[in-house]
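**Q** Quick one: sequence and predicted model below, then my questions.
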Amino acid sequence: MAEMSRVGRWLVNAGNARRSRRLLDSIGNRLPLPSSPRLLELGAGRGGLSALLQQRYRPGHLVVTDYDPRQVEAARAYLSGELGPLPPTIELRPLDARVIPFGDGSFDGVFAINMLHHVEAEHSEYRERPGVLRQIRRVLSPGGCLVFRDFSRTRDVRQTLRELGFIPLFEKPGWRGRYLGVFQSPS
Ligand SMILES: C[S@@+](CC[C@H](N)C(=O)[O-])C[C@H]1O[C@@H](n2cnc3c(N)ncnc32)[C@H](O)[C@@H]1O
């Protein structure tokens, strides 16, 4: 795993808000979230999805994280621009998804968009992801949901989620192996 290059960050961040809006539109009202949900976003990048999560779900707690502190600062700037002064319910912090430092059942929803493959030394490997998925399962409340999108080894991700007891609620395969899924953790 390595931090992205400056050009890589620019490319990823440029279309982030537009892609995030499309993603939430695809999911529609299929997320079984309580009111004022507690949400965690892993590998949030520039924060385009975070801003939409705040606007659409009015979370009681929204934790916006990324491995790269520069991305966290980019997200802070973007969110402040979109939302104005940030409420105390929004927390931004650097975080490596391989070590999720929250207690069991801390969140009603976890978002991992285009980031799971980044936890591997090589994107094609599947060594670190099972551990990350186990931690996501741990920090989700019973019945909480994971939203993930990726293009790499998604068949293996889904298999691991099934082994962990997750139930698929919504699946949208895309071109060239791209995949979007909503999975509910066991109650
Ligand atoms: C391709 S970008 C996706 C950003 C955003 N979610 C989106 O869809 O536009 C991947 C992000 O994951 C972050 N990342 C890489 N390794 C990570 C890790 N181990 N834990 C958390 N985030 C990580 C990168 O810094 C980058 O911001």
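**A** Happy to help now that I have it. Residues are numbered from 1 along each chain as shown.
**Q** what about the lengthiest helix in the chain, distance to the chain center?
**A** Counting by DSSP state H, the longest helix found in the chain is helix 69-83. Here helix 69-83 is found 16 Å from its chain centre; the criterion is C-alpha atoms, centre = their mean, to the nearest Å.
**Q** Can you list the buried residues in that helix?
**A** Residues of helix 69-83 classed as buried: 71-72, 74-76, 78-79, 82 (neighbour count, 16 or more other C-beta atoms under 10 Å). C-beta: built from backbone N, CA, C; applies to glycine.
**Q** Return the member of those nearest to Glu122.
**A** Set against Glu122, the nearest of the buried residues of helix 69-83 by C-beta to C-beta is Gln71 (20.8 Å).
**Q** contacting residues for that closest one?
**A** 9, 13, 44-46 (C-beta atoms under 8 Å, 6 or more residues apart in numbering).
**Q** rewinding a little: average pLDDT across the longest helix of the chain?
**A** Average pLDDT, helix 69-83: 96.
**Q** which stretches of the protein form helices?
**A** Under DSSP H, the chain gives helices at 6-14, 16-27, 48-57, 69-83, 129-139, 154-163.
**Q** Highest mean neighbour count out of these?
**A** Ranked by mean neighbour count under mean count of other C-beta atoms under 10 Å, the helices of the chain are led by helix 48-57, which reaches a mean of 20.
**Q** quick revisit: reformat the helices of the chain as CSV; add distance to the ligand.
**A** Listed next are the helices of the chain as CSV, based on distance: least, C-beta to the nearest ligand atom, whole Å:
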stretch, distance to the ligand
helix 6-14, 4
helix 16-27, 4
helix 48-57, 6
helix 69-83, 4
helix 129-139, 8
helix 154-163, 15
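**Q** Val99 is nearest to which of those?
**A** Ranking the helices of the chain by proximity to Val99 (C-beta to C-beta) places helix 129-139 first, at 7.8 Å.
**Q** Can you list the low-confidence ranges for this structure?
**A** The model of the chain has pLDDT under 70 over residues 1-3, 11-14.
**Q** Longest strand in it, by number of residues?
**A** strand 140-150 (DSSP state E).
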